[in-house]
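Novice: Structural data only, the sequence is not supplied:
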Ligand SMILES: CCCCCCCC(=O)SCCNC(=O)CCNC(=O)[C@H](O)C(C)(C)COP(=O)(O)OP(=O)(O)OC[C@H]1O[C@@H](n2cnc3c(N)ncnc32)[C@H](O)[C@@H]1OP(=O)(O)O
């Protein structure tokens with residue numbers, strides 16, 4: 001879950017599970033990048049814009065052990081035409097703890113045709129008939 005904050009920003013928490021391991025006992029970097037991407041992606045809902053990740057530059061600053069709660073904080077830094085620039089940090093030990101990961105992202109606004117043209121029909125039909133997905137897409141609730 002992500003919560004709206006000051007400006008166009010969100011905070012979120014991600015708990016590293018044993019299935020997220022790369023090196024023994026430590027989170028895999030790709031999973032941490034996914035947590036950053038998901039948190040950054042939720043910013044676009046606040047703009048009510050459909051957008052996909054075009055670029056995601058990630059810094060892995062500290063190892064993140066299994067069972068750690070990663071405290072994520074993401075905000076939009078600029079919007080230019082279809083381009084949405086955003087940045088995020090993931091801290092450990094609490095929301096004010098040391099930065100373990102950070103990312104800068106560029107999301108590109110797309111039409112819904114992006115998914116219809118490129119996705120698989122079965123999954124698109126399933127998403128359209130899933131009331132949770134439709135509710136999320138049509139009426140994104142801020143801090144419900
Ligand atoms: C609704 C739920 C959405 C959930 C999203 C969750 C987050 C995700 O994981 S998304 C999945 C991963 N991302 C993808 O699959 C995207 C794959 N890429 C694409 O489909 C295309 O490259 C796409 C749509 C991003 C851009 O293509 P296109 O629409 O033709 O735009 P294009 O004209 O090339 O570029 C538009 C602008 O963005 C810039 N741009 C595009 N890609 C990049 C990039 N990687 N780096 C820097 N700039 C870029 C271009 O330079 C251009 O800038 P300007 O307007 O200043 O000339």
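Specialist: Structure's in. What do you need? All of these numbers come straight from a predicted model, not from anything done at the bench.

Novice: Next one: residue 35 from the ligand, what distance?
Specialist: Applying CB to the nearest ligand atom, to the nearest Å, the value for residue 35 to the ligand is 12 Å. In this view, the C-beta of every residue, glycine as well, is placed from N, C-alpha and C.

Novice: The ligand contacts on this structure?
Specialist: For the chain, the residues in contact with the ligand (CB under 6 Å from any ligand atom) are 37, 41, 50, 52-55, 81-83, 106, 108, 110.

Novice: and the residue sitting nearest the centre point of the chain, what helix or strand is that in?
Specialist: By CA atoms, centre = their mean, the mean C-alpha position of the chain lies nearest to residue 38, the distance being 1.7 Å. Using DSSP states H and E, residue 38 falls within helix 29-46.

Novice: Adjacent strands (with direction) for the helix or strand following that helix?
Specialist: Going down the chain from helix 29-46, the next helix or strand is strand 51-60, by DSSP H and E. Counting by DSSP bridges, the strands paired with strand 51-60 are strand 99-109 (antiparallel).

Novice: Give me the residues contacting the partner strand.
Specialist: Residues outside strand 99-109 that contact it (CB atoms under 8 Å, 6 or more residues apart in numbering) are 32-33, 36-37, 40-41, 43-44, 49-64, 68, 70, 82-92.

Novice: out of those residues, which are buried?
Specialist: Taking 16 or more other CB atoms under 10 Å as the criterion, what is buried in the contacts of strand 99-109 is 32-33, 36-37, 40-41, 43-44, 51, 56, 58, 64, 68, 70, 84, 86-92.

Novice: how is this structure carved up into domains?
Specialist: Domain assignment for the chain by automatic domain parsing gives 2-110, 113-144.

Novice: how near is the closest residue to residue 75 other than its chain neighbours to residue 125?
Specialist: Excluding the flanking residues, the one nearest residue 75 by CB to CB, 6 or more residues apart in numbering is residue 9, at 3.7 Å. According to CB to CB, to the nearest Å, residue 9 and residue 125 sit 34 Å apart.
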